[in-house]
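[1] how would this look folded up:
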Amino acid sequence: MLRSRGTALLCATKAAACTSARDGASMVAQVAPAAAAAVNAQGVHSASAAQAEPAQAAGSAGWRRGALVAAGLAGFAAMGSIALAEDESEHGLHAPRYPWPHDGIFSSYDHAAIRRGHQVYTQVCAACHSMYQIHYRDLVGVAFTEEEVKSMAAEIEFTDGPNDEGEQYERPGRLSDPLPRPYPNEEAARYANGGAYPPDLSLITKARHDGQNYVFSLLLGYREPPAGVSVREGLYYNPYFPGGAIAMPKMLVDEGTEYDDGTVATEAQQAKDVTTYLAWAAEPEHDDRKLMGVKFIFVLAIVWITAAYYKRWKWAPIKSRRVIVDVVN
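    Down below sits the predicted model:
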């Protein structure tokens, strides 16, 4: 009886153990897929994060490069603006380009404008500025007749000598005399103009950058100084002059010159005429040089046509010749 009870107890224990084993196995079977899925999800997330990190790094690097380029361009623009402002303050405002009628390849000076410009110079500019490299004879055939120039020269008294007694004397001007100087020397010129020295105008359009446009703009460029700009006493504001302050006051006004030909002497007309006159004074051979160039081109064209015709006549028989080779067996 005891044996049978022990046997029954042993069977019950085995059954319970089997049941526990089956439950553990089923639990393991249920947990294992979930764990595998979690591991796979974590792997996918890690892979996605690993793939996203280079893209984010590349994007941030691109933004940094763009920001650096933008900052560099802004810096260059600021430096360019500062340099332009410094250049304008040091060298003056750049003059615009005007359509001068004598700038063309086959264009010549307006000789009526040269005549009027000489009148503006003698009536307005000659009180302070000299043109010592221009002689009265240079005006003959350009803007005046020989008789007119002789009459103009005779109105001026020139110091000459010595005479037979070894003394200087005064005589009327001749065609060979230069245009008179307003001051005997530089010291006298500076003393009369508050320390400023009026330059000689013989080569002024060659001595200044963009000469004709600069002179024309300077003559018409006088204005009130802008806000924040102060000009000391004795100077006048002109943005086209280096530094913006010039010792020469505004000289041209409407009807300031009486033209012989009846042209209305507006301020702009006087500036145009005297600028043309100064351009001619700096390059009096301008028209002759262009005329010589036209003649040279004409002669060269004739020579080229003659050479081309001769070459064609000489080589036409040779180029049109036919060579026949008869092979005899």
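[2] what ranges do the strands span in this structure?
    Using DSSP state E, the strands of the chain run over residues 157-160, 169-172, 236-237, 245-246.
[3] closest to Ala188 out of these?
    Nearest of those to Ala188, taken as Cβ to Cβ: strand 157-160 at 14.7 Å. Backbone N, C-alpha and C define where each C-beta goes, glycine included.
[4] for that closest one, packing partners?
    Contacts defined by 3 or more Cβ pairs under 8 Å, 6 or more residues apart in numbering; DSSP states H and E place strand 157-160 against strand 169-172.
[5] adjacent strands (with direction) for the strand it packs on?
    On the basis of DSSP bridges, the sheet neighbours of strand 169-172 come out as strand 157-160 (antiparallel).
[6] so where's this structure uncertain?
    Regions of the chain meeting the criterion pLDDT under 70 cover residues 1-59, 75-91, 329.
[7] one more pass at 80, please.
    Across the chain, the ranges flagged by pLDDT under 80 are 1-91, 323, 326-329.
[8] need the residue closest to the centroid of it.
    When the chain is reduced to its mean C-alpha position, the closest residue under Cα atoms, centre = their mean turns out to be His94, at 8.2 Å.
[9] from Gly221, how far off is that residue?
    Distance check for His94 against Gly221: by Cβ to Cβ, to the nearest Å, it reads 12 Å.
[10] and Tyr214, by the same measure?
    Per Cβ to Cβ, Tyr214 is found 10 Å from Gly221.
[11] same check, this time on Asp210
    For Asp210, the distance to Gly221 (Cβ to Cβ) stands at 13 Å.
[12] of those two, who's got more company?
    Neighbours were counted for Asp210 and for Gly221 using other Cβ atoms under 10 Å; Gly221 has more, 19 against 14.
[13] let me see the contact set for the closest residue to the more buried one other than its chain neighbours.
    Counting by Cβ to Cβ, 6 or more residues apart in numbering, Gly221 lies nearest to Tyr240, which is 4.4 Å off, once chain neighbours are set aside. By Cβ atoms under 8 Å, 6 or more residues apart in numbering, the contact list for Tyr240 reads 92-93, 95, 214, 217-218, 221.
[14] now Thr266
    With Cβ under 8 Å, 6+ apart, Thr266 has these contacts: 254-255.
[15] buried ones in stretch 272-283?
    By neighbour count with 16 or more other Cβ atoms under 10 Å, stretch 272-283 contains the buried residues 272-282.
[16] again with stretch 138-156
    Applying 16+ other Cβ under 10 Å to stretch 138-156 flags 138-140, 142-144, 149-150, 152-153 as buried.
[17] report the separation between the residue nearest to Asp287 when sequence neighbours are not counted and Leu219.
    Excluding the flanking residues, the one nearest Asp287 by Cβ to Cβ, 6+ apart is Ser108, at 4.6 Å. Using Cβ to Cβ, we find Ser108 at a distance of 23 Å from Leu219.
[18] now Gly293
    Using Cβ to Cβ, Gly293 is found at 31 Å from Leu219.
[19] the two: who's more crowded?
    Taking neighbours as other Cβ under 10 Å, Gly293 and Leu219 compare with Leu219 leading, 24 against 12.
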